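*Asks:* Any chance you could fold what I've pasted below:
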Amino acid sequence: MEKTVIRNAYVASQDPLIGNQADLDILIEGNQIAAVGRDLEVGDTAVVDATGCIVMPGFVDAHRHVWQGAIRGVCADWSIMDYATRIRMNAARFFTPEDMYAAQLQGSLEALNAGVTTLTDYCHNILTPDHAHEAIRGSAESGMRAVWNYGFNFPPSESPHFKSLDQRVAFLDEIAAGYFSSPDNLLTLGVAPEEAMFAGSPEALDRQINAARNVGARMFWHANSGPSPEGQAPRDVAALAERDMLGSDITFVHMAATEPDEWQMLADAGASVAFTPETELQMGMMWPSSITAREYGVNQAYGTDIVSNNSADMFTALRLGLQAVRGRVLELEGAMETGVPVTCQEVLAWGTIDAAKALGLDSVIGSITPGKRADLVLLRGDTITLAGWDRSNVAGAIVMQAQSTDVDTVWVDGRVVKKDGQLVADTKRPCALLEAASERLHEKISAAGGFALSQAQAFGRIMAVAGSEHGEYVFDNEVV
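*Replies:* Residues are numbered from 1 along each chain as shown. Modelled structure (predicted):
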């Protein structure tokens with residue numbers, strides 16, 4: 001069994017029994033953390049000198065749409081309605097399986113480069129079976145640990161492959177058996193049910209949830225993102241609870257319009273929530289509801305969401321989210337004489353061990369704990385951005401100061417995927433594939449009139465998909 005010892009690191013463990021300590025060694029045996037302590041006796045073992053460096057658990061991104069990297073940055077000045085209509089109701093249909101593969105491979109490597117060792121990949125553009133096969137292939141080739149979400153969403157298409165919900169459920173069963181039968185796979189299966197309005201009916205949504213449970217998949221669901229145009233709360237959580245569908249196997253995403261009784265329902269069910277501050281602040285889903293989640297004892301996590309808008313950098317997501325939460329509390333309660341309402345240590349947990357719990361993987365990853373998988377990140381402490389970092393607050397150094405360029409070494413399942421600041425994988429090919437996919441997509445979208453739809457087209461497609469029950473629906477005023 002291959003063994004490596006990391007010597008003399010400042011360890012930010014996220015394990016309450018180990019805490020944050022300087023001058024610790026970490027022994028990796030195979031794919032596991034075998035021991036953590038000072039001056040470990042390890043025999044003839046490969047040594048990584050981490051003097052002056054920080055070692056932390058790999059970031060766990062609880063919500064990311066990796067496939068959208070092929071249209072990187074197009075949402076930079078868009079609203080939530082722009083996003084929903086221009087990508088979900090328009091551009092998504094132009095992706096080929098080849099485009100999905102390129103985006104998944106490059107996007108997963110991009111995450112690894114930034115110290116993200118695990119992500120929830122909310123893949124909601126499965127236009128055909130080959131789109132799913134190629135998305136999974138790209139993710140698997142990257143070496144990333146991921147919960148790959150089978151998205152039930154039904155993007156508009158002039159000639160849809162899946163003609164019914166029955167067909168999509170049957171394909172989920174096929175995907176589960178074909179790719180996710182081994183417990184040692186770095187990829188595990190998740191399911192992304194449609195948003196309540198797009199599911200078409202409560203019965204259709206319940207069928208998707210039951211289909212996920214039938215294959216043992218955790219669910220990640222866009223819910224309670226904002227009030228209706230009339231100002232009414234969506235009450236997505238309450239609706240599930242009323243139908244006895246709420247459970248600890250669902251992680252609810254965004255959640256800004258969640259009402260107090262629903263927060264209690266989440267707490268009682270043991271469910272988790274995931275926030276994506278870069279998107280939420282821009283697109284009117286407001287500041288993350290972290291203080292409310294903490295008040296009710298609901299486990300919370302953070303994610304980067306859409307690379308069509310945001311960076312793939314969890315340092316940025318956590319830092320922005322933390323400051324948004326602090327600012328919101330101080331606005332409501334007034335400035336404090338000393339201290340802040342949320343600490344960097346707490347927010348670092350949201351990006352590591354608490355996020356692992358939101359993925360159902362906290363017994364496997366999320367902390368530097370003997371027996372867990374060796375998913376680790378080494379940050380150099382002598383870089384131009386971290387030199388002189390505050391040894392009394394390692395979480396503050398990570399959350400408030402560190403950048404992706406400080407990520408020197410990354411291990412996933414005990415395997416080195418980044419070393420000396422460079423990914424081990426060949427990055428030229430994935431980048432070239434993504435460039436080609438991006439060029440193809442922009443050409444197709446431009447030839448079809450561009451990203452923007454007229455108001456009539458936009459709302460027509462949204463309402464047609466929402467009411468289709470996955471049978472016939474109207475595409476540009478033609479029944480297909």
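*Asks:* Tell me how far the residue nearest to Leu40 when sequence neighbours are not counted lies from Ala35.
*Replies:* In this structure, Leu40 finds its nearest non-sequential neighbour in Asp25, 4.3 Å apart by C-beta to C-beta, 6 or more residues apart in numbering. For every residue, glycine as well, the C-beta is placed using N, CA and C. As defined by C-beta to C-beta, to the nearest Å, Asp25 lies at a distance of 8 Å from Ala35.
*Asks:* cool, and Leu24?
*Replies:* 10 Å.
*Asks:* Just want to know which of those two has more residues nearby.
*Replies:* Neighbours were counted for Leu24 and for Ala35 using other C-beta atoms under 10 Å; Leu24 has more, 22 against 16.
*Asks:* just checking, the more buried one touches Asp15?
*Replies:* No - assessed by C-beta atoms under 8 Å, Leu24 is found out of contact with Asp15, at 11.3 Å.
*Asks:* tell me the helices in the stretch 101-250 of the chain, going along the chain?
*Replies:* Assigned by DSSP state H, counting those that start in this stretch, the stretch 101-250 of the chain shows helices spanning 129-142, 165-179, 196-199, 202-214, 236-242.
*Asks:* Least confident of those helices, on average?
*Replies:* When the helices of the stretch 101-250 of the chain are compared on average pLDDT, helix 196-199 comes out lowest at a mean of 90.
*Asks:* buried sites along that one?
*Replies:* Of the residues in helix 196-199, those scored as buried under the neighbour-count criterion (16 or more other C-beta atoms under 10 Å) are Ala196, Phe198, Ala199.
*Asks:* same check, this time on stretch 260-279
*Replies:* Using 16+ other C-beta under 10 Å as the test for burial, stretch 260-279 gives 262-263, 265-266, 269, 271-279.
*Asks:* quick one on the thing from earlier: may I see the helices of the stretch 101-250 of the chain organised as a markdown table, with distance to Val347 added?
*Replies:* Supplementary listing: the helices of the stretch 101-250 of the chain in a markdown table, determined by distance: least, C-beta to C-beta, whole Å:
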| stretch | distance to Val347 |
| --- | --- |
| helix 129-142 | 27 |
| helix 165-179 | 34 |
| helix 196-199 | 30 |
| helix 202-214 | 29 |
| helix 236-242 | 24 |
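*Asks:* quick one, which of the ones you listed is nearest to Leu423?
*Replies:* Taking C-beta to C-beta as the criterion, helix 129-142 is the member of these that comes nearest to Leu423, at 9.7 Å.
*Asks:* between the closest one and helix 165-179, how big is the angle?
*Replies:* 30 degrees (axes from the mean of the first three to the mean of the last three C-alpha atoms, to 10 degrees).
*Asks:* By neighbour count, which bits of helix 129-142 are buried? Give me those.
*Replies:* Neighbour-count burial for helix 129-142 [16+ other C-beta under 10 Å]: His131, Ala132, His133, Glu134, Ala135, Ile136, Arg137, Gly138, Ser139, Ala140, Ser142.
*Asks:* what sits against the second one?
*Replies:* This means Ala132. Cys123, Ile126, Tyr150, Phe171, Ile175 (C-beta atoms under 8 Å, 6 or more residues apart in numbering).
*Asks:* in which helix or strand would I find the most centrally placed residue in the chain?
*Replies:* For the chain, the residue lying nearest the average C-alpha position, counting by C-alpha atoms, centre = their mean, turns out to be His63 (2.3 Å). Element membership of His63 [criterion: DSSP states H and E] is strand 59-65.
*Asks:* For that strand, name the packing helices and strands.
*Replies:* helix 97-113, strand 116-123, strand 272-275, strand 299-302, strand 305-306, helix 314-333, helix 353-358 (3 or more C-beta pairs under 8 Å, 6 or more residues apart in numbering; DSSP states H and E).
*Asks:* Tell me how far the closest residue to Gln282 other than its chain neighbours lies from Glu230.
*Replies:* Spatially, and ignoring its direct neighbours in sequence, Gln282 is nearest to Asn309 (7.1 Å; C-beta to C-beta, 6+ apart). Between Asn309 and Glu230 the distance, using C-beta to C-beta, works out to 27 Å.
*Asks:* Who has more neighbours out of those two?
*Replies:* More neighbours surround Asn309 than the other of Asn309 and Glu230, with 24 against 5 (other C-beta under 10 Å).
*Asks:* can you give me the helices in the stretch 351-480 of the chain?
*Replies:* Secondary structure of the stretch 351-480 of the chain (DSSP H, counting those that start in this stretch): helices located at 353-358, 394-396, 428-447, 455-466.
*Asks:* now the second one, how far from the centre of its chain.
*Replies:* Right, helix 394-396. In terms of C-alpha atoms, centre = their mean, to the nearest Å, the gap separating the centre of helix 394-396 from the centre of its chain is 22 Å.
*Asks:* Any idea how many residues pack against His222?
*Replies:* 21.
*Asks:* Which pLDDT value goes with it?
*Replies:* The model reports His222 with a pLDDT of 97.
*Asks:* and what of Glu472?
*Replies:* Per the predicted model, pLDDT is 51 at Glu472.
*Asks:* Same question for Gly231.
*Replies:* In this model, Gly231 is scored at 78, pLDDT.
*Asks:* For it, give its distance to Leu379.
*Replies:* When C-beta to C-beta is applied, the distance between Gly231 and Leu379 equals 45 Å.
*Asks:* higher neighbour count, those two?
*Replies:* Of the pair Gly231 and Leu379, Leu379 is the one with more neighbours under other C-beta under 10 Å, namely 29 against 6.
*Asks:* what's that one in contact with, if anything?
*Replies:* For Leu379, the set of contacting residues under the criterion of C-beta under 8 Å, 6+ apart consists of Cys53, Ile54, Val55, Met56, Gly115, Leu386, Ile398, Ala402, Asp406, Val407, Asp408.
*Asks:* Out of these, which comes closest to Phe252?
*Replies:* Distances from Phe252 to those, taken as C-beta to C-beta, are shortest for Gly115 (25.6 Å).
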